[in-house]
Each structure stands twice: as C-alpha cells, then as structure tokens.
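Novice: Any chance you could fold what I've pasted below:
(chains A, B, C and D)
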There are 2 protein chains.
Amino acid sequence: MEICEKCGSGENVVKSGFVRGKQRLFCKTCGIHFTFALPHREALKKPHQTTIIDIAKMVGVSPSTVSRALNRSTEINPTTRQEIIRVAAEMDYRPNLLAQSLNRGETHTIGVVIPNIERPFFAGVLAGIQKVATEVGYRVMICQSNESHSTETLNVQALVASRVDGLLISHSKETTSFEHIKLQLKKGLPIVHFDRVCNEVETAKVVEEDYEGSFLLVEHLIQQGCRRIAVCAGPRELLISNARLEGYKAALAKYGIVLNEELVYHTNFKKRETLLALESWLQLPQPPDGIFAVHYGNAIEILVELKNRGIKVPHEIAVVGFGDELIAELIEPSLTVFHLFPFQVGETAVTLLIDNIIHRDSFRPVVQTVKGELIIRESSLRTKSL
Amino acid sequence: MEICEKCGSGENVVKSGFVRGKQRLFCKTCGIHFTFALPHREALKKPHQTTIIDIAKMVGVSPSTVSRALNRSTEINPTTRQEIIRVAAEMDYRPNLLAQSLNRGETHTIGVVIPNIERPFFAGVLAGIQKVATEVGYRVMICQSNESHSTETLNVQALVASRVDGLLISHSKETTSFEHIKLQLKKGLPIVHFDRVCNEVETAKVVEEDYEGSFLLVEHLIQQGCRRIAVCAGPRELLISNARLEGYKAALAKYGIVLNEELVYHTNFKKRETLLALESWLQLPQPPDGIFAVHYGNAIEILVELKNRGIKVPHEIAVVGFGDELIAELIEPSLTVFHLFPFQVGETAVTLLIDNIIHRDSFRPVVQTVKGELIIRESSLRTKSL
DNA sequence: ATATCTATCGGAAACGTTTTCGGAAACGCA
DNA sequence: TGCGTTTCCGAAAACGTTTCCGATAGATAT
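Specialist: Just a heads-up that it's a prediction; the model follows:
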C-alpha cells in the first residue's frame, strides 16, 4: 500500500518499526528504509528575514559578491555594488550579527561587571561606557555581582560564554581571589579594571584620586581646626579603601598629628556598622572633632545620626566624605565631599578596553587616573570665610 | 623554477600576474593557475576553544552524538552520555552561544530600552529585570535613549540586529510616534512596555498606580486643609503624566473643589521649567497653599526654592511628590510621596516578556499594575496628629 | 524463522555570513 | 600577436552547533 520512493512500486514494502513516533517502512527491492517526513520545522519558523542569499538570487550574483558589495571590499565592480546595495535596501536587508560574529570570531560586544547598578556611581560609569561604546559601534552587556564573589565569577563566565570581545570589571567587596580574571586573561581576553581595581593582574586600570582626595579632605579638616579626626574606612581587602586610608594618614603626618588607632574603624559600608563606628567614637573620653568617611553614603548616615543626637555639625564635629551626589548638596548641613566623575571613569575605561581589543598585542597595561574635585560645604566650614 | 602542484614539474610554469599581493603562476601543462598561499588566518587565530568536534574525536563518536549527550536528549545510551560528559568537563568545554543561537534561531537575550540609566527609578527597574532574567537563564542587553526619539529608534534597531528574543521598553519623553514598535511587533517580536507605556499598540504593559497615587496624594493635601492645590505636571504627550493629572482632577472633584487652570503647569521635568511654574504661581493674587509634583525630582526642586524664598513648608505651602528616593526622606522638611517600587516593575515586566517569548501564540497582552504606597512626611503634615 | 520493533548512532544539511583561492575575461605593453 | 597583468566574480570552506533522517544491531512478537 505504501509506495517506495525509489522504485516507485509498493509491492515489497514492509513495515519496519517506529522512529520518533512515525511509521517506518522498508523496501525489500531497493533495500532501504524510509519514513514519511513532515515539514514541521518549516511550519513554526519565524517570518523570513532577507538574507544575503536572497539578494544574490534577486540580483543574479553569488552570495560572496553580495558580501563583498556590502562590506566595502575593493574587489568589486562599482556598478555591481550599486545594484546590490540598491536591492539590499529595497529588500530591507539586515545582516545577521550572529552569523557575522560566528564567522569573524568577534562579537563587537563588551561585557561589564559591576557590584550594583543601583548605586549612582556605577550608574554614572555605565552611562559613560554606553556613550562611547555605541559611538564606536560596540554593544554592551551588563552584569551585577551584588557584591558576591561567586556571582561575580558566574558573571564573568556568562559574558565569556556570550563571546564578548572584552571585559570591564569593578570587583565585589568580597572578591579577594582573582583566579577567574587570571584565567580569562591567560586565554587572551582583553580586560580593563575600573574603580575597584586589582593589582594582582596585569590589566589596564582606571582609578580615581583616592589618595589625593583623602589627603585634601583631611587636610581641609585640619585647616578647619580639627585635631582628632576619625575615619570610617572600608573593608581592609579593598584596594581603593586602603588608598583612601593612606591619604588620611599622609595628611595627618604632614601636620604632625599622631595616628590614633581608636579613631580608625573598618566597615563594610553597611549602615549598621557605620553607626557602630560612630557609637564607639562618641564613647571615647575624648570624642573626635572631625570625621572622614571614605564613602559618601556613610557620611550621610553619620550626619543624620549626629543630628538626631543633637551634636552640632560642623562646630562640635565636622564631617567630610568621598564621592558625591545630589543628596550631599541638599542635606542640611550640606556635605563637604571629594567629588568624583563616574561618567568620565566609564568613558576612559571603555576607551582603554577598545584600544586593547583593537591593538591586541601592542597594547600595554596602563593606569589612568580620573581627577576629582574638592567641594567644600557647610558640614566642615567652621570659619565663615574660607 | 616554480613547481606546479599537480604535474610536479616546473617546466611549463609561467607567471600570471599578481593577486592580492601574491605572485600568481600558471602551468601550461595542467592548464591551471595557482598561488603560494600562506596560512595567515591560521596565524592570528585566537587560542583554540574546545568544540563539540574535539570531544567527538576524543570519545570516538560523531558530533551529533555529543550534542545529544550534552542536551538531555532521550536518544542516547546512558553510558555513552556519561563518558561524553566526563570528557567534556575534562576538556573544559563551553558551548559557543553564537553557534547555538544561529542554529536555534533564538539568543536567550532580551533587550531593554530606557530613557536614562542614571535615574534611580530606571536603575531599580534594571536591577529587577536582571535578577529574574539571570534566574531563568536569559541575558540582558541595555540601551539608553537619552530621552531622544531618534536614539530610541536606533536602540530598537540595534537590539533587533542583535537578534534579541524580546524587548522591554519605556519610551522617551519625545516619543509620540510608535512606528518603530509597530514594525517589530508585526515581525513577531515579543514586546512589553513598562512605566512610560504606549496605548497605541497591543503589547503587555506594566504600569504603576499613577491615577490612584495622585488621587491619594491630592486627597491627603485636601485633608490637611489645602484648597488651592497647584500641580506641576509632565509633558502632555506622556500617558503616565496624564494619568497622574487625572488622579489630581478626580481628587479635587470628590471634594467639590473647582479646577483652576492657572494652577496646572505642564513641564518637561527640567528644573528650569519647574522654577518657572513656581514663579508663576507665586505671582498669583492668591498663591497656592499646596503643590503636587508628578515627579519627585521636581518636588525636591520646589522644596529647595521655597526654602530659599523663606516660604514655610508645609504651613504656607504643602508639597507632595510622586516617586521616592532616599533624598525625599533626608531633605528638610522630608517629603511626602507616593512611593513606587521600581524593582518590582522590572521583575513583573521581564516575567511577562519571557512568558510572551515562550508562549508566543497563546500569549494575551495583559496590563499589570505594581502597587505603590503613600508615605506621609513633614512636607505636608500641617496637623501634628494624623 | 520471519516480521516487526526498539535503542542508539552517524551523515549531512541547515543557520547566515566571510574569506580564500582559482577561473575567465579584459587589458596593457612589447 | 603574445605574454604578463589586472579586474571581477563564483565555488567552496569555514565558524560551531542542532536536527533531520536513515541505518544498523539486537530484541521481541508472531
């Protein structure tokens, strides 16, 4: 009853089991098996996107010629190119970036790993990255580590799996081992660090004036008459925190003030710890007359708590912080800060990275510093005139 | 001197021009041209990534079997699978997502278009999107329109070119024509709107309680004794602004307060315009005793300006706003707001989208509302007890 | 013993592009 | 006229994966 595809007759056709739910037949004449295939994949296909082959057929040339016409290759007759470009536009051709990337081995995509997109600093960095990336035709893929080392590692793996051409990363607070970075670096992936950098690996880095900014802030406090300056430092593991702590120490040293360990408190930037630090300082027989927070958020928390306790800022205790935001300007008293420029950090980081991607071998790992700016406001101004 | 590849002898070999910088030869015996090709593409190839073919060779099976073993297909012997998985792990195999996507016709990537990543609301939405997207194995590609319609269109095109599986979009202020959306929708791309949605197209949408929130805020002002309530509205084109304006009108109507057009001012959310609005109100013979800003940022600006002018908040003029942030809590007087939950907006939007992607045909365009919360603070509290 | 079935696998096409390399014709110069 | 040259184009391989379809061997049913 069933007819063999080859011999045309169905005399010697017998059943031969099921395969994938379909009846299988065997023609003893031809000695072959066969099933009746349905074009099912065809059916649920998406609407057809015009490809280079469609254009080739339409114009009457080969796909290679179309490709040559679309990328500005020299090996093509200007007349042919004109025609191909015309037809391509007419058919609304959009190159399939996946196929392109697969063939060329590059995706024109860069990966970004940041601790948290909701922190205004990183949002600013991202904006800077996006701006120059799109300008030069790169796409951006963003991941958040949420301050977790394991998530960070997974992020890196995911981005590598997506075959990004390069990586921009600011490490999580937790991260103290950098094997995931070293591994990719060894495989030849261009990587650029920013903000929370890592000195263990040879990558280009974009940093802020952590040392200089701290120095200026603390020097300013001293000039305002503070002598017992407490510091709300960050995690010991974070390079950036240490740099800021060093700036603090250097400023004290310059003015001959001895470092009092009781006034140095390492936190993980969480509010609870900040308040603990403050509490411990206020319990001292001689409380501080100035507080330097290496993170503006903690400075704000301190400001609010001091206000709640009725302690006068800046006359009893002056407060300064690192980093800036609208809130620092609007809070009362307004906060003296060392202002950072996150947008610029992003811009320089991605510029470095793309440079690294393009000049893969000749590229040298440089360290670039984005300058900041000391902004003096009420929280530290004890003298009316500056 | 040169030897033909085919006949082996070089007797009848003559030069035959240059091609791509290399000497071309012609063997008259064999009648063929040839050049001496250098393996140059080989040379600058990146370090080899293990592929499915490497594993196949190692195990001694075909690539299709390896593929079957790695994806949990049923048509494979458990023993073979074990072995293949073992070898794959040993060789540190990572599937090439580009090849996978090209073949399967899906990228497991969703595109997001937002006006500005630096606005805390959108950063929050992004965080929500990222969370659930990564949970279900989707990647996220983010673009900013910077409140420009043309950039938004380019963003959509770029994401489509990257073959995202779906699109999440909140429109720019400028956007009043939605052809770019309709086009992609017609091509079958799943799209979900959030926050700044668009009613012209049949997509799933995630909105906030714009109407309800406004109503509650204005009702609260009325209950606090305000009778001349001004509203700092958004652009007329923005649906979300209109919804908030409607809530305002409804609250007035409920309490029998006639709408005074002088007290309605449409801005584009920029500070300059906000101050212009405020100026115009204060010039009135009867200035307002309450101000409702549909965007918390403008409420802050108004608060600051009133303070500068020595006008007492809330007793001379009460101020309330839409949307929330840390700054609303910390500013003095602290700001009464209708609190939004951006993270939840992101979560629901991406959940809807992925549902849309998976159940492409059966999916119905629903509208989901993320509830907000009225938070009463000093800027509107005229009576001590609530 | 024969006919059918099941489990498992290989070959090859397909996804859409780029690039290599050779062929053919036209061209330039002696 | 004849040799070398240039220009332009096509065929085919390559990128790495999935999936279709057929092919076996052994198991089971008749």
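
Novice: Could you list the low-confidence segments of the stretch 1-150 of chain A?
Specialist: A:1-11, A:19-22, A:30, A:36-46 (pLDDT under 70).

Novice: quick one: the strands in it?
Specialist: A:13-19, A:22-27, A:32-35, A:109-114, A:139-144 (DSSP state E, counting those that start in this stretch).

Novice: which helices and strands does the third one pack with?
Specialist: What it means is strand A:32-35. Applying 3 or more C-beta pairs under 8 Å, 6 or more residues apart in numbering or on different chains; DSSP states H and E, one finds that strand A:32-35 contacts strand A:22-27. Quick note: C-beta positions are derived from backbone N, CA and C, even for glycine.

Novice: So A:L25 sits against A:G17, correct?
Specialist: No. A:L25 is beyond contact range of A:G17, at 9.4 Å (criterion: C-beta atoms under 8 Å).

Novice: what are the ranges of the helices in chain A?
Specialist: A:40-43, A:52-59, A:63-70, A:78-90, A:97-104, A:120-135, A:149-161, A:179-186, A:210-223, A:239-254, A:271-282, A:296-308, A:326-330, A:342-358 (DSSP state H).

Novice: Same drill for A:L25 and A:G17, tell me which one is more crowded.
Specialist: A:L25 (21 against 10; other C-beta atoms under 10 Å in any protein chain shown).

Novice: show me the contacts for A:V370.
Specialist: A:V206, A:V207, A:E208, A:E209, A:L340, A:F341, A:Q344, A:V345, A:T348 (C-beta atoms under 8 Å, 6 or more residues apart in numbering or on different chains).

Novice: rerun that using 7 Å as the cut-off
Specialist: A:V370 makes contact with A:V206, A:E208, A:F341, A:Q344, A:V345, A:T348, according to C-beta atoms under 7 Å, 6 or more residues apart in numbering or on different chains.

Novice: how close does it get to DNA strand C?
Specialist: From A:V370 across to DNA strand C, the span is 36 Å (C-beta to the nearest atom of the strand, to the nearest Å).

Novice: try A:L239
Specialist: A:L239 is 40 Å from DNA strand C, by C-beta to the nearest atom of the strand.

Novice: That residue contacts A:N199, doesn't it?
Specialist: Yes. With contact defined as C-beta atoms under 7 Å, A:L239 and A:N199 form a contacting pair (6.3 Å).

Novice: Who has more neighbours out of those two?
Specialist: A:L239 (19 against 11).

Novice: Could you tell me how far that one is located from B:E246?
Specialist: 53 Å (C-beta to C-beta, to the nearest Å).

Novice: Could you tell me how many residues sit around the nearest residue to A:S101 once chain neighbours are set aside?
Specialist: Leaving aside its sequence neighbours, A:S101 sits nearest to A:T107 (C-beta to C-beta, 6 or more residues apart in numbering or on different chains; 4.4 Å). Neighbour count for A:T107, taken as other C-beta under 10 Å: 23.

Novice: What are the neighbouring residues in contact with A:T107?
Specialist: Contacts of A:T107 by C-beta under 7 Å, 6+ apart are A:S101, A:R163, A:V164, A:D165.

Novice: wait, which of the residues you listed is closest to B:S379?
Specialist: When these are compared for distance to B:S379 (C-beta to C-beta), A:V164 comes out closest, at 46.3 Å.

Novice: Next up, the contacts around the closest one.
Specialist: A:V164 touches A:T107, A:T109, A:I110, A:G111, A:M141, counting by C-beta under 7 Å, 6+ apart.

Novice: Not counting sequence-adjacent ones, nearest residue to the residue of chain A found nearest DNA strand C?
Specialist: Nearest residue of chain A to DNA strand C, counting by C-beta to the nearest atom of the strand: A:G17, 2.3 Å away. Leaving aside its sequence neighbours, A:G17 sits nearest to A:R24 (C-beta to C-beta, 6+ apart; 5.0 Å).

Novice: any idea how far A:Q157 is from the one residue sitting closest to the centre of chain A?
Specialist: For chain A, the residue nearest the mean C-alpha position is A:V112 (2.5 Å; C-alpha atoms, centre = their mean). The gap separating A:V112 from A:Q157 is 15 Å, by C-beta to C-beta.

Novice: residue contacts, A:E147?
Specialist: A:P115, A:N116, A:S172, A:K173, A:E174.

Novice: hmm, which of these are the buried ones?
Specialist: A:P115, A:N116, A:S172, A:K173, A:E174 (16 or more other C-beta atoms under 10 Å in any protein chain shown).

Novice: A:D289 and A:C226 touch, don't they?
Specialist: Yes. At 4.8 Å, A:D289 counts as touching A:C226 under the criterion of C-beta under 7 Å.

Novice: higher neighbour count, those two?
Specialist: More crowded of A:D289 and A:C226, by other C-beta under 10 Å: A:C226, with 23 against 19.

Novice: is the closest residue to the more buried one other than its chain neighbours in a bridge, and if so with what?
Specialist: Nearest non-adjacent residue to A:C226, counting by C-beta to C-beta, 6+ apart: A:G290, 3.3 Å away. On the basis of DSSP bridges, A:G290 is bridged to A:I229, A:A318.
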